[in-house]
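Engineer: Dropping the sequence and predicted coords here.
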Amino acid sequence: MSGIKKPILQMAGITKRFPGTLALDQVQLTCYPGKVHVLLGENGAGKSTLVKILSGVYTRDEGTIEFEGRQVNYTNVREAMAYGISIIHQELNLLPERTIAQNIYIGHEPRNQAGLIDYGKMVKDSRALLKNLGLDLNPDDYIKNLSIAQQQMVEVVKALSNRIKVLIMDEPTSSLTQKEIAKLFEIMEQLKKQNVAIIYISHRMDEIKRVGDQVTIMRDGKYIATLDAKTMDLDDAITMMVGRKIDNLYARSYNKPGKEILRTRDLKGLRFRNVNITVHEGEIVSLSGLVGAGRTEIAKALFGYDPIEEGGFQLFGEEIKKPSPKKCISRGMAFLPEDRKAEGLHLLMPIKENIVAACLKKDFPNFILNGKTEQTLGELYQDKLRIATSDVDKLVGELSGGNQQKVVIAKWLATSCKLIIFDEPTRGIDVGAKAEIYALMDELVSQGYGILMISSELGEVIGVSDRVYVMREGEIQAELSHESLTQENIMRYAI
Amino acid sequence: MIDYFKKNVDFLSRITILLIIVAGMSVINPPAFLNWNNLSTVMFQQAPFTILMSFGMTMAIITKGIDKSMASIVVLASMLSGSYFKNGNLAMGFLIALAVGAAAGLLNGTLITRVGVAPFIATYGTDFIALGLAYVVCAGRYIYDFPANFRVITNGCFIPSVPNIALVTMIIFILLWFLTRKTIFGRSMYLAGFNVDATILSGIDAKKVVTVVYTINGLLAALVGVLYMARLNAADPNISGNLCLDSIAASLIGGTSFGGGKGSVSNAVIGALIIVFIRNGMNIMNISTNWQQAVVGFVIIFSVFYEMAIGRLTKKRMG
């Protein structure tokens, strides 16, 4: 498939040890100019470590890197950049209080004859770079005023401001909308035409065939296989990546809905209005739409974290006046925020203390904690949700993304909630754990819970929902039942 | 056994440092340092104030704040209650002192949680207000020569050979240890310190928790004010001295982190003892207070450095 071109990059026998773990074990990777090489693997498979070695963030313990036919041994990011190897990290690394131009040229600002920063040239060059990629952005705008997607684009431009030959993109689409993703892929096409080799990490299986030329699969720090992206079988790839077969990612037993749990009445808040939705026992109801359509805001308003401007809602037929998280929890509502680490968990606290965080008043009514009860509750939910840990005394931060999400779910199951709001339940979670989370959601609704899900992943929305409300710019456009759910159907109302 | 060491590495390593310091001082100047008279003076007459203050400071820092105002609340509470104690009206004196402390603490808590002022700024403001008011109240007339039934609060021995002030400190320690470690309130304080958003979203009234913490600090400061008067036999607006800085130092040396969530009242005791013994040892060696300041500074930086090294280790484990 690539016999015509010589590889630009060959990594072989790469091994990296961290104290107590072997992060990479004899991994290889070969990239060709003008091709997109997808790295596939679960969290902890070693993808990020590998690209960090390539971009100079880490140094390898063993192995060789051959770049354009020559052995290279750089030890930091700057040296890697000098070879033309750039990385766009998962977390954006921009300075919010600086302009686009300043961010693009950070660290290599153009100088004038006096040796001072030539801001005019910086703006001019930035404008040219932006235009080159067909981006309609003003280099004088501040980063803080841009959407996440626009910031992502700036990251790409920033990488391009260096003369690049290899561009590494670590989960660039995890917070982008479909439209923005399409834009990003267009840019990648252009880069391919300019003979840039792209290494692409993503958890979204549907993207692999769309953008990839080759796929390298990793598992537990080991190299598994390299396949042709266009001809490979997706199920085979998943099996290789997880190490076992996943029969059905979305296993649903569609139940007959029971009693009504939630009903909103002309709800209006920060970025939404006229919202009338219901959730019944036994139902998974989704809010679908583009990022910024006002879905998370609805969830936060229902949970009393953001203000409600007009309208109201009923929980089990009871009108909730002046909702607050405390009040909503006591009435049986639970909320798994989209940003698990910032809003859902106490990463530096033990698993069991996270699990009991929302039920302290209920389980310790006389104000005094009881270590034994905490331990019992912790272990109970560890068993129930199969949280992979040897000890519930361990810190939550030590768990994988999927297990962290299970801790958040455990926290809510430990309360007496009946309505659970899942905001992006599987963001950043690998395929194996995803299937577990979906199975868990299905199990919960079978037990009579009601679930309100917010998701930007269309596959997920279509796969697990009983009903879907499609939103656009803060208003509900359509209500679809699971029989009529297709990608086209949802997008028709969402855009 | 090994598990016990692993879990309590923070506490044990600090005890070790304390013992090293005490041993070092003992070697350098055995006759002057290592005698019951000196050691008991340090433990019972000097340390309790720093310890009580560092309890409050530690709790404030755990909630990702700081309490700059405690030392001035000490002064204001003693200036306002002094005349009652002088006249032998102990109940009224205590009532006034504690009311002043609670009010100042409540002001801090309200400014921080309801108005949204940064803790440093809110308590810095209260610091000036309290000290200013104290000078106004004092108006140059110092109160001294308190009746014996008041002074017995520090000097007397309810339990033979244990001065009351040590007993009071012990009781407060046990109360606060229980409150912070064994109650919903204490857990909420740690939760809020580590991640306030996640705490509020778990249905905990984090604002209330933080307000209560600062109110407790005010009460602790008022208590220190009363004890100080009884010990010095005088109410003087200049008594606060090193109290504020030493209590911050004690908290930091005790492993409390400005990142929030980390720290404990038991480590604060050790931190305070380390500070007090370092100062005492240097006093005995005739090292000037200026040099003492510098040494305390070094110890603070060293302990934070140590904390960061530990932090990096845990981070790596999680990476």
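Structural biologist: Great, that's in hand.

Engineer: partner residues bridging A:Glu319?
Structural biologist: Going by DSSP bridges, A:Glu319 is paired in beta bridges with A:Gln314.

Engineer: and the closest residue to A:Leu369 other than its chain neighbours, how many neighbours?
Structural biologist: Residue nearest to A:Leu369 in three dimensions, not counting chain neighbours: B:Lys182, with 5.4 Å by Cβ to Cβ, 6 or more residues apart in numbering or on different chains. All C-beta atoms are positioned from the backbone trio N, CA, C, and that covers glycine. B:Lys182 has 16 neighbours, counted by other Cβ atoms under 10 Å in any protein chain shown.

Engineer: what about the stretch of helix or strand A:Gln382 belongs to and chain B, any contact?
Structural biologist: Taking DSSP states H and E as the definition, one finds A:Gln382 inside helix A:371-384. No. Helix A:371-384 does not reach chain B (Cβ under 8 Å from any Cβ of the partner chain); its nearest approach is 8.7 Å.

Engineer: Give me the buried positions along that helix.
Structural biologist: Judged by neighbour count using 16 or more other Cβ atoms under 10 Å in any protein chain shown, the buried positions of helix A:371-384 are A:374, A:377-382.

Engineer: got it, and stretch B:262-276?
Structural biologist: Neighbour counts over stretch B:262-276 (16+ other Cβ under 10 Å) mark B:262-276 as buried.

Engineer: give me the low-pLDDT residue ranges for the stretch 201-319 of chain B?
Structural biologist: Residue ranges of the stretch 201-319 of chain B with pLDDT under 70: B:311-319.

Engineer: All the strands of it, in order from the start?
Structural biologist: With DSSP state E, counting those that start in this stretch, the ranges of strands along the stretch 201-319 of chain B come out as B:234-235.

Engineer: repeat for the stretch 301-450 of chain A
Structural biologist: Using DSSP E, counting those that start in this stretch, strands in the stretch 301-450 of chain A cover A:308-315, A:318-319, A:333-336, A:419-423, A:450-454.

Engineer: which helices and strands sit right next to the first one?
Structural biologist: This points to strand A:308-315. Secondary-structure packing of strand A:308-315 (3 or more Cβ pairs under 8 Å, 6 or more residues apart in numbering or on different chains; DSSP states H and E): strand A:260-269.

Engineer: by how many degrees do the strand it packs on and strand A:419-423 diverge?
Structural biologist: Taking axes from the mean of the first three to the mean of the last three Cα atoms, to 10 degrees, one finds that strand A:260-269 is oriented at 50 degrees with respect to strand A:419-423.

Engineer: Identify each buried residue in the helix or strand following strand A:260-269, please.
Structural biologist: As assigned by DSSP H and E, the chain's next helix or strand after strand A:260-269 is strand A:272-275. Using 16+ other Cβ under 10 Å as the test for burial, strand A:272-275 gives A:272-273, A:275.

Engineer: contacting residues around strand A:272-275?
Structural biologist: Strand A:272-275 is contacted from outside by A:264, A:266-268, A:294-295, A:297-298, A:301, A:310-311, A:471, A:474-476, using Cβ atoms under 8 Å, 6 or more residues apart in numbering or on different chains.

Engineer: Direction included, what does it pair against?
Structural biologist: Strand A:272-275 has these strand partners (DSSP bridges): strand A:260-269 (antiparallel).

Engineer: can you list contacts of the partner strand?
Structural biologist: So strand A:260-269 is contacted by A:273-281, A:294, A:297-298, A:301-302, A:306-317, A:332, A:418-419, A:450, A:452 (Cβ under 8 Å, 6+ apart).

Engineer: What are the boundaries of the helices in the stretch 1-150 of chain B?
Structural biologist: When assigned using DSSP state H, counting those that start in this stretch, the helices of the stretch 1-150 of chain B occupy the ranges B:2-7, B:9-28, B:30-33, B:36-40, B:47-62, B:70-86, B:90-110, B:119-138, B:148-155.

Engineer: So which bits of the second one are buried?
Structural biologist: Pointing back at helix B:9-28 there. Result for helix B:9-28 [16+ other Cβ under 10 Å]: buried residues B:10-11, B:13-15, B:17-18, B:21-22, B:25.

Engineer: Now narrow these to whatever sits close to chain A.
Structural biologist: Counting by Cβ under 8 Å from any Cβ, the subset of the buried residues of helix B:9-28 that neighbours chain A is empty.

Engineer: out of those residues, which one sits closest to chain A?
Structural biologist: B:Asp10 (13.2 Å; Cβ to the nearest Cβ).

Engineer: looking at it, the closest one is touching B:Asn267, isn't it?
Structural biologist: Yes. Look at B:Asp10 against B:Asn267 with Cβ atoms under 8 Å: they come within range, at 6.3 Å.

Engineer: which neighbours do those two share?
Structural biologist: Contacts common to B:Asp10 and B:Asn267, judged by Cβ under 8 Å, 6+ apart, are B:Gly255.

Engineer: Just give the closest residue to A:Gln194, not the sequence neighbours.
Structural biologist: In this structure, A:Gln194 finds its nearest non-sequential neighbour in A:Gly34, 7.9 Å apart by Cβ to Cβ, 6+ apart.

Engineer: dump the residue contacts of that neighbour.
Structural biologist: When the contact criterion is Cβ under 8 Å, 6+ apart, the partners of A:Gly34 are A:5, A:192-197.

Engineer: Please spell out the PyMOL selection for the buried subset of those residues.
Structural biologist: Filtering these down to the buried ones (16+ other Cβ under 10 Å) takes a single PyMOL command:
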select buried, chain A and resi 192+196+197
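
Engineer: Using CSV, please lay out the contacts of A:Gly34 together with pLDDT and distance to A:Glu483.
Structural biologist: Listed next are these as CSV, based on pLDDT from 0 to 100; distance: Cβ to Cβ, whole Å:
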residue, pLDDT, distance to A:Glu483
A:Lys5, 73, 48
A:Lys192, 90, 40
A:Lys193, 89, 42
A:Gln194, 87, 46
A:Asn195, 90, 47
A:Val196, 91, 44
A:Ala197, 94, 44
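
Engineer: would you turn the contacts of A:Gly34 into JSON lines with secondary structure?
Structural biologist: Shown next, in JSON lines, are those (DSSP: H, G, I helix; E, B strand; the rest coil):
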{"residue": "A:Lys5", "secondary structure": "coil"}
{"residue": "A:Lys192", "secondary structure": "helix"}
{"residue": "A:Lys193", "secondary structure": "helix"}
{"residue": "A:Gln194", "secondary structure": "coil"}
{"residue": "A:Asn195", "secondary structure": "coil"}
{"residue": "A:Val196", "secondary structure": "coil"}
{"residue": "A:Ala197", "secondary structure": "strand"}
